[in-house]
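> generate coordinates for the sequence data below:
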Amino acid sequence: MRKERDKRRIVLLVLLFLFLILAVNYYFFVVSPVIISYSRAETQALTEKAVNVAVSNVLNRTISYDSLIDIHYTQDGEIASFSANQYEINTISREIVKEAQFQMNSLGEDGLRLNIGTFSGIPFLIGRGPKITLKLVPIGAVSSEFESHFDSVGINMTKHTLYFYIKTHVNIVLPVKSYDVYSNIQVMLAESIIVGKVPDVYLNGGSVGKSLNLVP
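Below is the predicted model:
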């Protein structure tokens, strides 16, 4: 009788051990990739929304192209060079980075809410069921980089576009592990159509202000 009981216990322990192995493997090889993919997409969407709110809050006034870029002409009226208004650009950059950091911190406080069905790893259950909150940790400072691009749009007509690239770094904390999500979000600051021949040094890949240090 006792031997039979011991055998049952051994069988139950073996079955439990096998079940745990299967459960762990199922989580790491089936559930975890689904959660990571889904939460990465959700985090990037939330990050982009936070940055767009920050940009909207800062750029609530009209930013004119002429206040950011000075165009210098030759005596013949041809375009000689471009120069960026470093003070104005750096001021706008610092304000955007500061506001974006605030929005990202708020994002960390709210966390990422996922439906519990997503943790099953079963496709038709993803996005279903009650929600649980995953912790988001904004890591490091939000940074920005200023770039400009020239595109020919006609005879002696060139479109000059000014961009901010805002870089963010967020850590998502899962039940067993954590991983990082990086985003590089492009925001158009201003653009203008320039009439006149633009020097080839700009049309062939040159850009105004790219080397400016805009990280506060």
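> this protein: helices as residue ranges?
Assigned by DSSP state H, the chain shows helices spanning 2-26, 32-58, 86-110, 200-203.
> got CSV for these, with mean pLDDT, mean neighbour count and distance to residue 135 too?
For glycine as for every other residue, the C-beta is placed from the backbone atoms N, C-alpha and C. CSV is the format used below for the helices of the chain (pLDDT from 0 to 100; neighbours: other C-beta atoms under 10 Å; distance: least, C-beta to C-beta, whole Å):
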stretch, mean pLDDT, mean neighbour count, distance to residue 135
helix 2-26, 75, 10, 22
helix 32-58, 82, 17, 11
helix 86-110, 82, 17, 8
helix 200-203, 64, 12, 46
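> quick one, what contacts residue 188?
161, 162, 163 (C-beta atoms under 8 Å, 6 or more residues apart in numbering).
> relative to residue 93, how far out is the closest residue to the second one other than its chain neighbours?
This means residue 162. Nearest non-adjacent residue to residue 162, counting by C-beta to C-beta, 6 or more residues apart in numbering: residue 189, 4.4 Å away. Residue 189 is 9 Å from residue 93, where distance means C-beta to C-beta, to the nearest Å.
> okay, and the common contacts of the two?
146, 164.
> where does the residue nearest to residue 162 land on pLDDT?
Looking at residue 189, its pLDDT is 83.
> and it, how many neighbours?
Neighbourhood size, residue 189 [other C-beta atoms under 10 Å]: 20.
> and it, what does it touch?
By C-beta under 8 Å, 6+ apart, the contact list for residue 189 reads 59, 63, 68, 92, 146, 162, 163, 164.
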